[in-house]
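K.L.:
build the 3D model from these lines:
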Amino acid sequence: MSKSIPIDQAAGSVGKSVQIHGWIHRKRGSGGILFIVVRDRTGTIQASVKKDLITQNGWAEISAAAIESSIILSGTIKSEPRAPTGYELEASSVKIVGGSEPFPITEYQSAELLLDNRHLWLRSQRMRDIMKTRAYVFRYLRKFLDTRGFYEITPPLLTTAGGETGADLFEVDYFGQKAYLTESSQFYSEAMVFSLEKVYSFAPSYRAEKSRTIKHLAEYWHLEPEMAYSDNNKNMKLQEMLVSNTANMLAKNNEDLLKSFGVDPQLLLKIKPPFKRITYEKALQILNDKGADKKWGDDLGVEDERLLTEDEEKPVFVTLWPREIKPFYMPINPKDERTVLCADLQAPKGQGEIIGGSERIWKMDELKERIAEVEKNKQVKIALENYQWWLDLRRYGSVPHAGFGLGVERIIKWLLNLDHIRDAIPFPRTINRAYP
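P.N.:
Residues are numbered from 1 along each chain as shown. Model (predicted):
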């Protein structure tokens with residue numbers, strides 16, 4: 001019996017009898033010979049199928065088979081300079097495993113049609129390469145933290161803690177009780193640092209923002225490390241090491257994937273710590289010097305982020321944001337009480353924010369004062385009854401701690417220079433799409 005091999009091993013199997021499992025990617029020919037391009041997860045190979053070398057039933061099956069039919073081919077790998085890869089499989093037997101109807105995706109389709117048929121578009125070379133890169137990014141992020149003494153935790157995705165107002169959360173009926181799909185696992189990670197000290201969660205988060213930008217998803221994957229005995233400076237150092245390592249590992253191990261997107265691996269190899277750090281105040285100055293009209297307390301929009309980093313080769317930290325526009329759990333900067341001890345990491349070349357992080361308020365009296373301030377200034381009522389368990393963390397042996405949240409799709413969009421974040425996830429959820 002022929003040995004079953006993945007297609008990328010065919011080059012080393014010239015002269016050998018093998019079996020390949022895959023799908024029909026292209027098909028051409030006439031008369032007594034067909035040329036079939038077959039794909040699997042590792043690549044493509046041309047197969048020549050001659051009528052006089054296979055059974056009558058096999059010839060009938062392959063002649064009738066449509067694009068995307070699943071197929072098992074047995075035969076001999078031979079050198080063939082005219083084939084796209086320089087070798088081909090000369091088939092001795094053919095079996096169609098699952099036939100295909102006429103495939104609904106052809107060349108030059110609209111973005112909406114491709115999204116409607118996302119379950120099928122994932123088979124394309126482009127989407128296969130993005131999904132492979134996504135898997136590698138997940139692997140490199142986890143490995144970096146695992147080898148530095150972090151423990152991965154598994155927080156709940158349903159919570160009664162609805163942020164400051166719950167305005168950007170998806171509300172669900174939890175057996176008659178109001179609950180929400182989580183926008184962040186931070187609070188649960190905080191609970192775990194008093195047990196395991198260095199932890200991270202890697203899970204989906206949900207935001208009900210009515211945003212139509214190229215960097216927003218309603219459901220995205222969120223990497224959230226949290227560390228006991230850490231501060232804003234240590235927090236940023238971990239972030240720049242994590243991001244650099246991920247970029248460098250892709251450049252070293254996945255050069256072919258990067259090049260398929262026109263990304264020069266050498267540029268990613270240059271991403272090394274330290275990253276530039278500018279204060280929010282300095283960022284406003286840079287933006288206004290470039291013609292923006294930003295004032296203290298304004299958030300940064302997509303165009304602001306582009307202007308700020310369009311000339312940068314590495315990510316940039318924007319630190320010490322105004323206290324009035326950041327969450328209640330961020331501590332006030334003792335050197336400038338207008339600001340809080342936090343930092344957002346902006347990807348270079350206008351790719352936008354990829355990480356948000358801060359120290360956490362760890363003293364009960366300070367936290368209550370900050371909550372009261374936010375309630376007064378924003379005219380909101382924070383439902384403390386939903387946070388009692390989280391407040392408890394400050395009652396029993398609290399310590400200084402810090403953490404951050406990394407949007408995985410955003411970092412993939414940056415690393416591959418994708419046009420839209422929806423291509424960085426298998427089944428995107430946006431303001432106007434929850435299908436398929």
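K.L.:
ranges for the helices of the stretch 1-150 of the chain?
P.N.:
Secondary structure of the stretch 1-150 of the chain by DSSP state H, counting those that start in this stretch: the helices cover 56-64, 111-116, 118-121, 125-146.
K.L.:
buried residues, the third one. List them.
P.N.:
Going by neighbour count (16 or more other Cβ atoms under 10 Å), the buried part of helix 118-121 is Arg118, Trp121. Using the backbone N, CA and C atoms, a C-beta is placed for each residue, glycine as well.
K.L.:
show me what that helix is packed up against.
P.N.:
Packing partners of helix 118-121 (3 or more Cβ pairs under 8 Å, 6 or more residues apart in numbering; DSSP states H and E): none among the helices and strands.
K.L.:
hey, C-alpha coordinates of it in CSV?
P.N.:
Output of helix 118-121 as CSV, limited to C-alpha atoms (Å, rounded to 0.1, in the frame of the first residue of the first chain):
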residue,chain,number,x,y,z
ARG,A,118,-17.0,32.8,4.6
HIS,A,119,-17.3,29.0,5.4
LEU,A,120,-16.1,28.3,1.8
TRP,A,121,-13.8,31.3,1.4
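K.L.:
tell me where the stretch 251-400 of the chain has strands.
P.N.:
Here the stretch 251-400 of the chain has its strands, by DSSP state E, counting those that start in this stretch, at 276-279, 316-319, 342-347, 352-360.
K.L.:
gap between the longest one and the chain center?
P.N.:
Centroid separation for strand 352-360 versus its chain: 16 Å, with Cα atoms, centre = their mean, to the nearest Å.
K.L.:
with mean neighbour count, mean pLDDT and distance to Ser93 added, can I get the strands of the stretch 251-400 of the chain in CSV?
P.N.:
Formatted as CSV, the strands of the stretch 251-400 of the chain follow (neighbours: other Cβ atoms under 10 Å; pLDDT from 0 to 100; distance: least, Cβ to Cβ, whole Å):
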stretch, mean neighbour count, mean pLDDT, distance to Ser93
strand 276-279, 16, 98, 61
strand 316-319, 23, 98, 58
strand 342-347, 25, 98, 51
strand 352-360, 23, 98, 50
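K.L.:
mind giving me TSV with those and columns for distance to Lys132?
P.N.:
As requested, the strands of the stretch 251-400 of the chain are arranged in TSV below (distance: least, Cβ to Cβ, whole Å):
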stretch	distance to Lys132
strand 276-279	31
strand 316-319	28
strand 342-347	21
strand 352-360	20
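K.L.:
and of those, who's closest to Tyr108?
P.N.:
Shortest separation from Tyr108 across the strands of the stretch 251-400 of the chain is recorded for strand 352-360, at 29.0 Å, computed as Cβ to Cβ.
K.L.:
out of the strands of the stretch 251-400 of the chain, which comes closest to Lys326?
P.N.:
Of the strands of the stretch 251-400 of the chain, nearest to Lys326 by Cβ to Cβ is strand 342-347, at 5.9 Å.
K.L.:
other SSEs contacting that closest one?
P.N.:
Contact partners of strand 342-347 among helices and strands, from 3+ Cβ pairs under 8 Å, 6+ apart: helix 232-253, helix 302-309, strand 316-319, strand 352-360, helix 408-416.
K.L.:
so which elements touch the fourth one?
P.N.:
Packed against strand 352-360 by the contact rule (3+ Cβ pairs under 8 Å, 6+ apart) you find helix 232-253, helix 302-309, strand 342-347, strand 401-407, helix 408-416.
K.L.:
I'd like the ones you listed as JSON lines, with distance to Gln266 appended.
P.N.:
As requested, the helices and strands packed on strand 352-360 are arranged in JSON lines below (distance: least, Cβ to Cβ, whole Å):
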{"stretch": "helix 232-253", "distance to Gln266": "7"}
{"stretch": "helix 302-309", "distance to Gln266": "20"}
{"stretch": "strand 342-347", "distance to Gln266": "18"}
{"stretch": "strand 401-407", "distance to Gln266": "24"}
{"stretch": "helix 408-416", "distance to Gln266": "14"}
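K.L.:
what's the closest of the ones you listed to Ile54?
P.N.:
Per Cβ to Cβ, nearest to Ile54 of the helices and strands packed on strand 352-360: helix 232-253, 39.5 Å.
K.L.:
angle of that closest one against helix 125-146?
P.N.:
130 degrees (axes from the mean of the first three to the mean of the last three Cα atoms, to 10 degrees).
K.L.:
buried residues in helix 232-253?
P.N.:
Buried residues in helix 232-253, counted by 16+ other Cβ under 10 Å: 232, 235-236, 238-251.
K.L.:
now do stretch 383-391
P.N.:
Under 16+ other Cβ under 10 Å, the buried positions of stretch 383-391 are Asn386, Tyr387, Trp390.
K.L.:
now, the residues you listed that are in helices?
P.N.:
Trp390 (DSSP state H).
K.L.:
mind checking pLDDT for Ala161?
P.N.:
pLDDT recorded at Ala161 is 77.
K.L.:
secondary structure class of it, three-state.
P.N.:
Following DSSP: H, G, I helix; E, B strand; the rest coil, we place Ala161 in the coil state.
K.L.:
Leu391 is in contact with that one, correct?
P.N.:
No: if you go by Cβ atoms under 8 Å, Ala161 and Leu391 don't touch, sitting 10.9 Å apart.
K.L.:
one step back: tell me which of the helices of the stretch 1-150 of the chain sits nearest to Glu88.
P.N.:
Per Cβ to Cβ, nearest to Glu88 of the helices of the stretch 1-150 of the chain: helix 56-64, 15.0 Å.
K.L.:
keeping just the C-alphas, turn the closest one into PDB.
P.N.:
Extracted in PDB, the C-alpha atoms of helix 56-64 (Å, rounded to 0.1, in the frame of the first residue of the first chain):
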ATOM      1  CA  GLN A  56     -12.800   2.700 -15.900                       C
ATOM      2  CA  ASN A  57     -14.800   3.700 -12.800                       C
ATOM      3  CA  GLY A  58     -11.900   5.900 -11.600                       C
ATOM      4  CA  TRP A  59     -11.800   7.700 -14.900                       C
ATOM      5  CA  ALA A  60     -15.500   8.200 -14.900                       C
ATOM      6  CA  GLU A  61     -15.300   9.700 -11.400                       C
ATOM      7  CA  ILE A  62     -12.500  12.100 -12.000                       C
ATOM      8  CA  SER A  63     -13.900  13.200 -15.400                       C
ATOM      9  CA  ALA A  64     -17.200  14.200 -13.700                       C
END
